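Novice: Next input, structure requested:
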Amino acid sequence: MRGHRSPSIFYPLLKAMEQTYKFVVWTRNWLYDIGFLKTAKPDCLVISIGNLTVGGSGKTPFVEFLARKLTNSKIGILSRGYKAQTREKIQIVSDGISLLSSPPDAGDEPYMLGKKLRNVPVVCTSEKLLGAKFMLDKFDVNIILLDDGFQTRYIARDLDIVLINAQNPFGSGSLIPLGILREPTNSLSRADLVLITNSDQVDQTSIASLKLHISKCCSAPTLVAKGVVTGFYTMSGSPVNLDDKPTFAFCGIANPDYFKRTLEIKNVKISGHHFFRDHHAFTTKDIAQINDSASRVGAKCFVTTEKDAARLAEWKDMFKFEVVVAKWKVEIVEGNDIFVSLIDDVVSSLCNEI
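Specialist: Below you'll find the predicted structure:
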């Protein structure tokens, strides 16, 4: 799917499934483009943060980054809450004051956002329009950040931001299930802003080539960003200095290699690592395996991501060594003035409506 290996013997079947999926996506987009399928606009500003591919583009850190830029507005975050196990149609993760649900009831990413943005309500639902109306009635927000919203076309938005992972922008170039694309790259024509993420993991030639490809698909401004580790903390939030302590890294995210490289940039002494699938639900067997692997390589502590830490609260006492959480943020390294101008325009339009 990501273009790293040759297709298996199942290629003909996967190709047939991809063509079917492509036809469905094309038909759906065409029906929206001609106005046959209608969009609805909540009574507030809507900013969508999404991507073209399955996982790994850094949406959640960017949602946090954007939320902090809009602290002077009454904002709310609306998420699908992937892998959440609640049966509630609408799940309030945070009311902007307190955390009201946690994994596994809430998705790990919404929980992480609710924990870090205590003044921002976070709601999960698969019915985004219903969720938007709920947020308006319950929290009186005037800006909704639509997390993973690029494909949610039935909600009209005021700003459509699309993130593209510089390390593996489009995978094999095929759509699901043969590739990682949710829709063709020419769908970027709907974007108002394109943000290339993980730029620090590739060279400038690759960035320039990706920019050229994007420019052929859309006329939206293209910005460049990277992730920066801001520090290491215990599960309870106390700062930690890893120094030269042998460390065992583990995570269950879409782009684990990126996590490992960011640690290496911070000179963390990685003795070993174990990567799980994205949104992995940890078990006692997993913890035992992690403990055993760490002992065999002489590690003295563990390091994981904030997203994984959200799922590990009930397991933290089972680890043989201390679990350290790497916290990082997004930095726009190219085009920040364009980003600031766009956000100012959004806030200005909000003021004019009020």
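Novice: just checking, next helix/strand downstream of the helix ranked longest in the chain?
Specialist: When the chain is parsed with DSSP state H, its longest helix is helix 11-33. Sequence order places strand 45-51 as the next helix or strand after helix 11-33, per DSSP states H and E.
Novice: tell me what that next one is packed against?
Specialist: Where contact means 3 or more Cβ pairs under 8 Å, 6 or more residues apart in numbering; DSSP states H and E, strand 45-51 is packed against helix 59-69, strand 143-147, strand 159-165, helix 336-353. C-betas here are computed from N, CA, C, even on glycine.
Novice: Which of these sits closest to A16?
Specialist: Among those, the nearest to A16 by Cβ to Cβ is strand 159-165 (27.3 Å).
Novice: would TSV of the helices and strands packed on strand 45-51 with distance to G35, mean neighbour count and mean pLDDT be doable?
Specialist: Formatted as TSV, these follow (distance: least, Cβ to Cβ, whole Å; neighbours: other Cβ atoms under 10 Å; pLDDT from 0 to 100):
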stretch	distance to G35	mean neighbour count	mean pLDDT
helix 59-69	28	21	93
strand 143-147	21	26	96
strand 159-165	18	24	96
helix 336-353	24	13	82
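Novice: quick one: which of those is nearest C251?
Specialist: Nearest to C251 among the helices and strands packed on strand 45-51 is helix 59-69; the distance by Cβ to Cβ comes to 13.5 Å.
Novice: How far away from the center of its chain is the closest one?
Specialist: In this view, helix 59-69 has its centroid 9 Å away from the chain centroid, taken as Cα atoms, centre = their mean, to the nearest Å.
Novice: If you count neighbours, what's buried in the helix or strand following it?
Specialist: Toward the C-terminus, helix 59-69 is succeeded by strand 75-79 as the next helix or strand (DSSP H and E). Neighbour-count burial for strand 75-79, with 16 or more other Cβ atoms under 10 Å as criterion, is recorded at 75-79.
Novice: For A326, grab phi and psi.
Specialist: A326 adopts backbone torsions of phi -90, psi 120, taken as degrees, to the nearest 10.
Novice: Can you list the residue ranges for strands in the stretch 151-300 of the chain?
Specialist: Using DSSP state E, counting those that start in this stretch, the strands of the stretch 151-300 of the chain run over residues 159-165, 193-197, 222-234, 239-240, 247-251, 270-275.
Novice: Let me know which of these is the nearest to I332.
Specialist: strand 222-234 (4.8 Å).
Novice: strands paired with that closest one, and their directions?
Specialist: Strand 222-234 pairs in its sheet with strand 193-197 (parallel), strand 239-240 (antiparallel), strand 323-334 (antiparallel), by DSSP bridges.
Novice: Give the rounded mean pLDDT of the longest one.
Specialist: Going back to what we said before, that points to strand 323-334. Across strand 323-334, pLDDT averages out at 93.
Novice: Can you give the distance of it from its chain's centre?
Specialist: For strand 323-334 - counting by Cα atoms, centre = their mean - the centre lies 13 Å from the chain centre.
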